[in-house]
Each structure stands twice: as structure tokens, then as C-alpha cells.
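1. Output the structure for:
(one chain, ligands or ions: 1)
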Amino acid sequence: MTPKHTDCNKHSDERCLDCRKCVILKFVRFGFTDYVFLPLHVPHVCVILKDNKPISAGFYNFSKRHAFGHSEGLKIGIKKDDSEIISVLLGG
Ligand SMILES: [Zn+2]
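-> Residues are numbered from 1 along each chain as shown. From the prediction side, this is the model:
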């Protein structure tokens, strides 16, 4: 039996950045439910406008519904509730 497209046996989300099975985007969060998603090749700092302070930033694995990592440029990481809130925003 061939594995499904969504099957991924990587143990860490960092390894999923190139697993070619998981859908992963970067995100920057400005408020409780105020998220901006961007492709992996775009730096997190690109979405920062003047006086627009992010409260968290990192990566979101849409296939595993899990936030992870941090932004080098913004020098901040994810918050504990990012995984839960993004998953709710996407429809549970
Ligand atoms: Zn994966």
C-alpha cells in the first residue's frame, strides 16, 4: 500500500520543513486572533509596518496543526496558544 500524500512520519516539525508532505507556512501574530501567513521564502520581518508590534512569530504545520520555531529577524518565537488558536481559525 502506498502512503497517502498527508502521511508524514517525521518526529519534529523542523524536519518537516523539507519533508515535502506537510504544508508549512510562516506566520506573524499581532493580536489575539490577528495572524498573517506568508510563504517560507519570505522573511518574517516583511510584514512589519511602522509601530506594528508582533506578539509572536514562527512556523505553522498545517498538516499536523502545530505551531513551532521562531523568527530570527524578529527575535521572537511562538506562544503557547498559537497552535490552538490557528487551528480554531482554520475551522477546528
Ligand atoms: Zn512532515
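2. all contacts plus neighbour counts: C-alpha atoms, from now on.
-> Noted.
3. OK, contacts around the closest residue to the ion within the chain?
-> Across the chain, no residue is closer to the ion than residue 16, which sits at 3.8 Å (C-alpha to the ion). Contact partners of residue 16, counting by C-alpha atoms under 8 Å, 6 or more residues apart in numbering, are 10, 22, 24.
4. buried ones in stretch 78-87?
-> 78-79, 82-83, 85-87 (16 or more other C-alpha atoms under 10 Å).
5. would TSV of these with secondary structure and distance to residue 40 be doable?
-> Shown next, in TSV, are the buried residues of stretch 78-87 (DSSP: H, G, I helix; E, B strand; the rest coil; distance: C-alpha to C-alpha, whole Å):
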residue	secondary structure	distance to residue 40
78	coil	16
79	coil	19
82	helix	18
83	helix	18
85	helix	21
86	helix	17
87	helix	19
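6. Relative to residue 67, which of the residues you listed is nearest.
-> Set against residue 67, the nearest of the buried residues of stretch 78-87 by C-alpha to C-alpha is residue 83 (4.9 Å).
7. Model confidence for the closest one, exactly?
-> Note on residue 83: pLDDT of 97.
8. The protein: helices as residue ranges?
-> Assigned by DSSP state H, the chain shows helices spanning 13-16, 82-89.
9. Kindly format the C-alpha coordinates of the shortest one as PDB.
-> Taking C-alpha atoms only, helix 13-16 is exported to PDB below (Å, rounded to 0.1, in the frame of the first residue of the first chain):
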ATOM      1  CA  ASP A  13       8.300  19.900  12.800                       C
ATOM      2  CA  GLU A  14      11.700  21.300  11.900                       C
ATOM      3  CA  ARG A  15      12.400  18.200   9.800                       C
ATOM      4  CA  CYS A  16       9.000  18.800   8.100                       C
END
